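Chemist: just to be clear, the model below is a prediction. Sequence and coordinates:
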Amino acid sequence: MQLIRLRIENDAMAIAYYPAEDQAATAHFMIAYNPQQGIGENLENIKIRLAGLHFDAAVLENGLDYPFSDTIVGVNYERIDVGLALTNMLNIPVVSQAAVEQDGLTATVKAKATYLKWHLDYYGQYDGVRNNGQEAMLTVGNGYFSLRGAYVEAHADKNNYPGTYVAGIFDQETTQIKDHAVVNEDLVNLPNAQFMTFGVDHQPPFTINQHDIQDVYRSLDLKTGILTISMIVQLASGHLLQVQSQKLANMRDWHRYAIRYTITPMNFSGSLQVYADIDGSVVNGNVSRYNVFDRHHLQTLGLESQTNTAYLSGQTKTSQITYTIGAKLTSPDVETTKHVQVTNQAQSVRQTLSLNVQAGKTVTFDKNVVLRTSNDHAPESLPAINDELAQANFEDTVKSSTDYWHNCWHDADIKIRGDVTSQRLTRVNIFHSFVSAAAIESGQLDASVGARGLHGEAYRGHVFWDEMFILPFYSLHRPKLAKQLLMYRYRRLAAARQNAQEAGYAGAMYPWQSAQTGDEQAQFMHLNPITDTWDPDNSRLQRHVSLDIAYNVWMYYHITQDKAFLGQYGMEMLLSIAEFWISKATYDDQTGRYSIAGVMGPDEFHENYPNAKQPGLKNNAYTNMMVAWLFDTIDQLRGDLANDVYQKAASAANFNGQLLNKMDDISHKLTLEINRSGIIAQFEGYFKLPTLDFRAYRQKYGDISRMDRILKAEGKTPDAYQVAKQADALMAFYNFDVPTVQKLIEKLGYKLPKEYLTHNIQYYLERTTHGSTLSRIVYAVLNQLDENYDQAWTLFSEALFSDYYDIQGGTTAEGIHLGVMCATLLLTTRNFGGVSVLGDQLQVNPQLPEQWDGLKFKHTFRGTHYHFAITHSKVCVTADQAQPITIAGKQYQLKANKPLTVADVTN
Ligand code: BGC
């Protein structure tokens, strides 16, 4: 093993490089601190000094003795977890000399590497959006509800936001702003029942603050679903305590969660109080720019208590969904039924437990919570909750969670060898994909996945086309869950028909932003704070959302061959969506082609033509290609269904033979604009727009990702330029593969020159600011398809880091970006692993990044379970049923449960 050893002193860092663990060091460096920089920035110098050397691990010689981490050092009154910092910087495990002395180097490094791959940890106290972003990343939940990873001791304030969300619980409020009544439908922040804190000697309870917290370490264990927050607190009174909270969602009885709170008085014996609240006074306050709107969604209707349980019930203001939350406070160390006191405040209920504690002796408290709403199938009456609370206990919740995650990792894990950070963040993404949705699989919830997970209030918890980046992962690993998310859309088909009708079209037009009922929740106007005028918001013209839903229906069916779903629901959706597009397409006698106007593509910088009276654009390439694809696909899928089943779906969708003929005609006559170099215009007339001097804007503004805002502030409009927020014209290549899209384009009667893909990618990349996290991941896929692997890797890495580093500078605080999270997972298996599910049998063409040594994952395709183990030179596949498969262009026959290894599949 090649190693570095380091000592971090007050004035300098000493580093030695060991080419092998049993050899002498071949290089020594002393790096003096730059006093202008913080210790974190100084650590960067290590990276520079070690450039070019290879090493597998670092040993820290002077780590402090802490129970939660052995790689913390103190430098000039600042403390830093050098292990966390250097792992992020150098992508290696960092171990302590003390641990090496105890367990030996190899075992210690291995254990640390394993730990890092299964934990998301933060050391130290952060504030503002940085802390709020970490809360989002530390969210625990089960798809029914989620709890942001805030300190249990925190109330919402400028640094902390302990949000609680239940999937599908929305509420509409109207706010009068100037002369407009603005209606917003919010995913509701429900009462905060995770609140717990303590006090000493009946002094005011402890609150989260910079001064009293000496140290804090937060660790999310991805294997168990438990978030552990360990603190060392020194109160102004001098009392020193070690405080730990562990919280987690029950993954089986998904109305429950549990918190274990342990307190160790370190320098005193005496009287301690523990407080456990259910706070119904919370508002939706996670997104500061929404503060001008009415944020009050809750009405507390009742507070009750019995011995050691407390209840709060209430109702959302306009959607009138009732909820009841019950909490039980117990302790193995004290007879809680006798000692808990309950006090009701106007909108919250507090349980207090007072006891005598001894120095050095840990006391434990468990808070079990049950949360039900009238949206559930199960009753939310007090007796029902009381019964459930009586059964609830911390250990049982831990077991349910550990079991769930064990099974989940068994089916859905993606194992990456040779890159600790990619492995960790990949697992974080998988974890949050299930935190956002797990319970929906039960079929008892009417909800889908919001663009920001269940992790924050941005976009008001609405469901967008982002589903298209999310569902394929579920379809491959958890098909029942994918089906239930599609059912959310099926149940809103009537609303989509209504939307189409109101806009003057036939068929079904799904809303750009969907929430409770499936009506359009995107805003029509926005108050521009700079000009104080109401500007139109045309984002709802992203009608492609219906095509993205159709893609998900097809993808789910293609992967599972669930004919029952296709017959009963899917086909009706596809036909209804098709009918909408038929009614939207217009025929031009002169060109002999159909056009689609009044739409927007995914690029939200382009809403209209400059100076146009009508909103929207004509012949958006992505939209038109997807319409052509949909029409062909319906034609093919009809053949998969028995005639009577198809007829039933067709009559439910009101789809007749005439429409079938029309569909056929349109499918090969839609308009695209393609120039001489083979560049596909994002929309008709795109090439006439001027380009922007990106270099000058970068020089002037630095970050230009939100070029729309920059241009608007300069009195200009992005509509007038060739500038894109995100991938648009080339999106179809992301959805399918190059041959499929090429065939689509050729069927429309267009010819493409050689190298057209490379030219298109470069052309649009030069004009794209990646103002959406969905952009880089699409371009990563495109570059991978185009064999531009270095650029693909760079874009993939940035996409993988999106939320961890909050690359948009504050948006993670308002919820994770679930679309990009899931898209990184798909890219890993589909492009790096090279497993294409687009055909009738699997095709494998691996292209592992140089940075990785190996990749392992499973897929369920058409009822067969596959396991893949892929390295740079070999593919090993095992399937539980005999199946044909193509690997690196050659056809093989897999035998049931017999691994097939194919060598020489080198990238
Ligand atoms: C993106 C959209 C996306 C939405 C929700 C926007 O910034 O431009 O493509 O659907 O965020 O994630």
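Modeler: Yep, it's here.
Chemist: use CA for all of it now, contacts and neighbours both
Modeler: Will do.
Chemist: the ligand contacts on this structure?
Modeler: Remark: the part of the chain in contact with the ligand comprises 451, 464-466, 602, 604, 772, using CA under 6 Å from any ligand atom.
Chemist: of those, which is the nearest to residue 683?
Modeler: For the residues of the chain next to the ligand, the residue nearest residue 683 by CA to CA is residue 602; the value is 11.4 Å.
Chemist: report the contact partners of that closest one.
Modeler: 542, 544, 726-728 (CA atoms under 8 Å, 6 or more residues apart in numbering).
Chemist: over to residue 3?
Modeler: Residue 3 makes contact with 17-21, 55-59 under the criterion CA under 8 Å, 6+ apart.
Chemist: ok, of these, which come out buried?
Modeler: Neighbour-count burial within these applies to 17-19, 55-59; the criterion is 16 or more other CA atoms under 10 Å.
Chemist: secondary structure, pLDDT and distance to residue 815 added to the residues you listed, as CSV?
Modeler: Formatted as CSV, the entries for the buried ones among the contacts of residue 3 read as follows, by DSSP: H, G, I helix; E, B strand; the rest coil; pLDDT from 0 to 100; distance: CA to CA, whole Å:
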residue, secondary structure, pLDDT, distance to residue 815
17, strand, 95, 41
18, strand, 95, 43
19, coil, 93, 44
55, coil, 94, 36
56, coil, 95, 34
57, strand, 97, 33
58, strand, 97, 34
59, strand, 97, 36
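Chemist: next secondary structure after the worst-scoring helix or strand of the chain on mean pLDDT?
Modeler: Least confident helix or strand of the chain, by mean pLDDT, DSSP states H and E, is helix 336-339 with a mean of 69. Under the assignment DSSP states H and E, the closest C-terminal helix or strand after helix 336-339 is strand 341-344.
Chemist: what's the mean pLDDT across that following strand?
Modeler: Taken as a whole, strand 341-344 has a mean pLDDT of 82.
Chemist: now residue 815: closest residue in space that isn't a chain neighbour?
Modeler: In space, residue 815 comes closest to residue 456 once its chain neighbours are excluded; the distance is 3.9 Å by CA to CA, 6 or more residues apart in numbering.
Chemist: sorry, wrong one. I was asking about residue 62.
Modeler: Nearest-residue entry for residue 62: residue 7, 5.8 Å, with adjacent residues in sequence omitted and distances by CA to CA, 6+ apart.
Chemist: one more: residue 666?
Modeler: For residue 666, the nearest residue in space outside its immediate sequence neighbours is residue 594; the separation is 6.4 Å by CA to CA, 6+ apart.
Chemist: ok, which pair from the residues of the chain next to the ligand is furthest apart?
Modeler: Put simply, by CA to CA the two of the residues of the chain next to the ligand set farthest apart are 451 and 604, 15.5 Å from each other.
Chemist: more neighbours, those two?
Modeler: It is residue 451, of residue 451 and residue 604, that has more neighbours when counted by other CA atoms under 10 Å, with 28 against 20.
Chemist: where does the more buried one land on pLDDT?
Modeler: pLDDT recorded at residue 451 is 98.
Chemist: mind listing what the residue in the stretch 751-900 of the chain that the ligand sits nearest to touches?
Modeler: Ranked by CA to the nearest ligand atom, the top residue of the stretch 751-900 of the chain for proximity to the ligand is residue 772, at 4.6 Å. Residues counted as contacts of residue 772 (CA under 8 Å, 6+ apart) are 725-726.
Chemist: wait, is residue 565 part of a strand?
Modeler: No - when the secondary structure is assigned by DSSP: H, G, I helix; E, B strand; the rest coil, residue 565 falls in helix instead of a strand.
Chemist: next one: it from the ligand, what distance?
Modeler: Distance of residue 565 to the ligand, given as CA to the nearest ligand atom, to the nearest Å: 26 Å.
Chemist: same check, this time on residue 158
Modeler: Per CA to the nearest ligand atom, residue 158 is found 24 Å from the ligand.
Chemist: most surrounded residue in the contacts of residue 602?
Modeler: In terms of neighbour count, residue 727 stands highest of those at 30 neighbours, by other CA under 10 Å.
Chemist: so what's that residue closest to, chain neighbours aside?
Modeler: The shortest distance from residue 727 to any residue other than its chain neighbours is 5.3 Å, reached at residue 775 (CA to CA, 6+ apart).
Chemist: quick one, phi/psi of that neighbour?
Modeler: Here is the backbone geometry of residue 775 (degrees, to the nearest 10): phi -80, psi -50.
Chemist: residues in contact with it?
Modeler: The neighbourhood of residue 775, defined by CA under 8 Å, 6+ apart, consists of 725-727.
Chemist: name the element the residue nearest to residue 666 belongs to?
Modeler: With DSSP H and E as the criterion, the answer for residue 594 is strand 593-596.
Chemist: what comes up buried for that strand?
Modeler: Neighbour counts over strand 593-596 (16+ other CA under 10 Å) mark 593-596 as buried.
Chemist: mind checking pLDDT for the residue nearest to residue 727?
Modeler: At residue 775, the predicted lDDT confidence score is 98.
Chemist: show me where pLDDT drops low in the chain?
Modeler: For the chain, applying pLDDT under 70 flags the ranges 337-338, 529-530, 906-907.
Chemist: can you give the domain ranges for it?
Modeler: The chain breaks down into these structural domains: 3-119, 128-401 (assignment by automatic domain parsing).
Chemist: what's the most buried one of those domains?
Modeler: The highest mean neighbour count among the domains of the chain belongs to domain 128-401 (a mean of 20), with neighbours defined as mean count of other CA atoms under 10 Å.
Chemist: can you check the distance spanned by it, start to finish?
Modeler: Distances were taken as CA to CA, to the nearest Å; on that basis the terminal residues of domain 128-401 are 31 Å apart.
Chemist: and that domain, how far out from the chain middle?
Modeler: With CA atoms, centre = their mean, to the nearest Å as the basis, domain 128-401 stands 23 Å off its chain's centre.
Chemist: how about stretch 654-662?
Modeler: Per CA atoms, centre = their mean, the displacement of stretch 654-662 from the mean C-alpha position of its chain is 39 Å.
Chemist: the stretch 501-650 of the chain: strands as residue ranges?
Modeler: Taking DSSP state E, counting those that start in this stretch to define them, one finds strands in the stretch 501-650 of the chain at 525-528, 533-536, 585-588, 593-596.
Chemist: how about the first one: buried residues?
Modeler: What it means is strand 525-528. If you call a residue buried by 16+ other CA under 10 Å, then strand 525-528 has no buried ones at all.
Chemist: that one pairs with which strands, and in what direction?
Modeler: Looking at strand 525-528 with DSSP bridges, its paired strands and their directions are strand 533-536 (antiparallel).
Chemist: check the offset of the strand it pairs with from the chain's centre.
Modeler: 31 Å.
Chemist: which parts of it are buried?
Modeler: By neighbour count on 16+ other CA under 10 Å, the buried set for strand 533-536 is empty.
Chemist: ditto for stretch 661-670
Modeler: Judged by neighbour count (16+ other CA under 10 Å), stretch 661-670 contains these buried residues: 663-664, 666-670.
Chemist: same thing with stretch 725-741?
Modeler: Along stretch 725-741, the positions that meet the burial threshold by neighbour count (16+ other CA under 10 Å) are 725-735, 738, 741.
Chemist: ends of that stretch, what's the gap?
Modeler: Using CA to CA, the two ends of stretch 725-741 sit 23 Å apart.
Chemist: so which residues make contact with it?
Modeler: By CA under 8 Å, 6+ apart, the surrounding residues in contact with stretch 725-741 are 601-605, 620-622, 625-626, 680-683, 705-707, 760-761, 764, 768-772, 774-776, 778-779, 781-782, 785, 838.
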